[in-house]
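Q: sequence first, predicted coordinates after that:
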Amino acid sequence: EPLGIAVIGTGRMGADHVRRIDRVISGARVAAVVDVDEERARTVAAGVDGCTAHTDADEAMASPDVDAVLIASSGPAHEAALLGAFARDLPVLCEKPLTPDAASALRVMEAEQALGHRRVQVGFMRRYDTEYVRLKALLGTGQLGRPLMLHNRHRNVASPSFFTSSMLISDSVAHEVDVTRWLLGHEITAVTVLRPTPSSGAPEGLRDPQFVVLETDGGALSDVEIFVNCGFGYQVQAEAVCERGTARIGDGHQLVTNMAGRWGGTIAQDWTERFAQAYDDEVQAWVDATRRGEVTGPSTWDGYAAAAVCEAGVRALEQGGRVEVDLADKPPLYS
Ligand code: NAD
Ligand code: ISE
């Protein structure tokens, strides 16, 4: 029997996950979709055999056909959906960010602890990208020595109209926060955000780009250029500088052409293109683990830690200077 999944939120990511579950991965089917926009939910459900459309997540989760929940609604809607899934003890794959701030992430973490077992995989899908996986494996061999610094670049073609200056941190740099914690196995202790004069290509009032410095409890530094209106492409790059060498991913050189006195290639235009393989492997890993009765991948603790670091980052953006991260103790459930 395939795992029956309810997908909550059928916007850009939700609709793509529905397509992925329906047509790409194995062992699961989309049993229900939910969106506050009824028309959107109906349109997406119409393309999937045996899928029902709902505007109320609880109603969908109550269906006997639903065994697990994929949350892809907007960040502020995640907490209610997570608590609803916990009430029915359903396994969850929750898109990043777990929740938009540390207090709500802490509430979710407390609710999961009250269940007594992990139920959530957080959608930090870069952990499933083959390039990041190879970088982590290389660092793990110790051949390069101890990592000293990470240099990250995160560029989007254009930001959506609702994007605010703090979302460059909480929505975008959230990925580098997770990648830094995961690659290094360190917690982030302090954040500094530097702000060059905004690009004339950015919407009026948006502080874009920003330069973020993360300090870790292992004594490493991780810097992030975040530029969400670069105009030319979607680029995510990372370089680890270690004691005996460096390693870099994200150059996107799978195909290099030579023509008319020039060499070159194409640049992905958005995350669905650049990280297609990562999303496929992330959702397949979640389905496989769920069918085995296990929970793997980024945890609620990882979602909470990212939220706490991003909250410090937003304060650093607003007030300037270096802001220390206020992190709760790690509960035994996540160790
Ligand atoms: P979107 O605005 O396209 O879609 C969000 C959908 O959620 C909309 O259809 C909206 O009507 C619906 N919605 C809002 N509140 C709801 C509620 N209470 N119940 C049900 N539906 C509700 O946004 P998106 O770009 O698809 O982003 C969705 C999530 O995915 C966000 O958490 C975002 O951060 C995340 N995301 C992750 C990645 C990644 O690389 N992993 C990329 C983009 C977005
Ligand atoms: C978006 O929500 C994502 O998660 C993308 O991966 C990221 O590149 C983008 O900046 C975010 O807004």
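A: Everything's here; your move. Ligands and ions are numbered 1, 2, ... in the order given.
Q: check the secondary structure at residue 140 for me.
A: Following DSSP: H, G, I helix; E, B strand; the rest coil, residue 140 is assigned to helix.
Q: distance check, it against residue 284.
A: 23 Å (C-beta to C-beta, to the nearest Å). Bear in mind the C-beta positions are built from the backbone N, C-alpha and C, glycine included.
Q: so for those two, which sits in the more crowded spot?
A: residue 284 (18 against 10; other C-beta atoms under 10 Å).
Q: count of neighbours near the closest residue to ligand 2 within the stretch 201-335 of the chain?
A: Residue nearest to ligand 2 within the stretch 201-335 of the chain: residue 271 (4.1 Å; C-beta to the nearest ligand atom). Residue 271 has 19 neighbours, counted by other C-beta under 10 Å.
Q: same check, this time on residue 148
A: 14.
Q: please see if the helix or strand containing it touches ligand 1.
A: Assigned by DSSP states H and E, residue 148 belongs to strand 147-155. No: Strand 147-155 is not in contact with ligand 1 by C-beta under 6 Å from any ligand atom; minimum separation 10.8 Å.
Q: now name the helix or strand holding residue 89.
A: Counting by DSSP H and E, residue 89 is part of no helix or strand.
Q: what helices or strands is whichever strand or helix holds residue 193 leaning on?
A: Take DSSP H and E as the rule and residue 193 turns out to sit in strand 188-194. Counting contacts by 3 or more C-beta pairs under 8 Å, 6 or more residues apart in numbering; DSSP states H and E, strand 188-194 packs against helix 174-184, strand 210-216, helix 300-319, strand 322-324.
Q: redo those as JSON lines? Include distance to residue 191.
A: Shown next, in JSON lines, are those (distance: least, C-beta to C-beta, whole Å):
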{"stretch": "helix 174-184", "distance to residue 191": "9"}
{"stretch": "strand 210-216", "distance to residue 191": "6"}
{"stretch": "helix 300-319", "distance to residue 191": "4"}
{"stretch": "strand 322-324", "distance to residue 191": "5"}
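Q: just put these in JSON lines and tack on mean pLDDT and mean neighbour count.
A: Formatted as JSON lines, these follow (pLDDT from 0 to 100; neighbours: other C-beta atoms under 10 Å):
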{"stretch": "helix 174-184", "mean pLDDT": "98", "mean neighbour count": "24"}
{"stretch": "strand 210-216", "mean pLDDT": "99", "mean neighbour count": "21"}
{"stretch": "helix 300-319", "mean pLDDT": "98", "mean neighbour count": "24"}
{"stretch": "strand 322-324", "mean pLDDT": "98", "mean neighbour count": "15"}
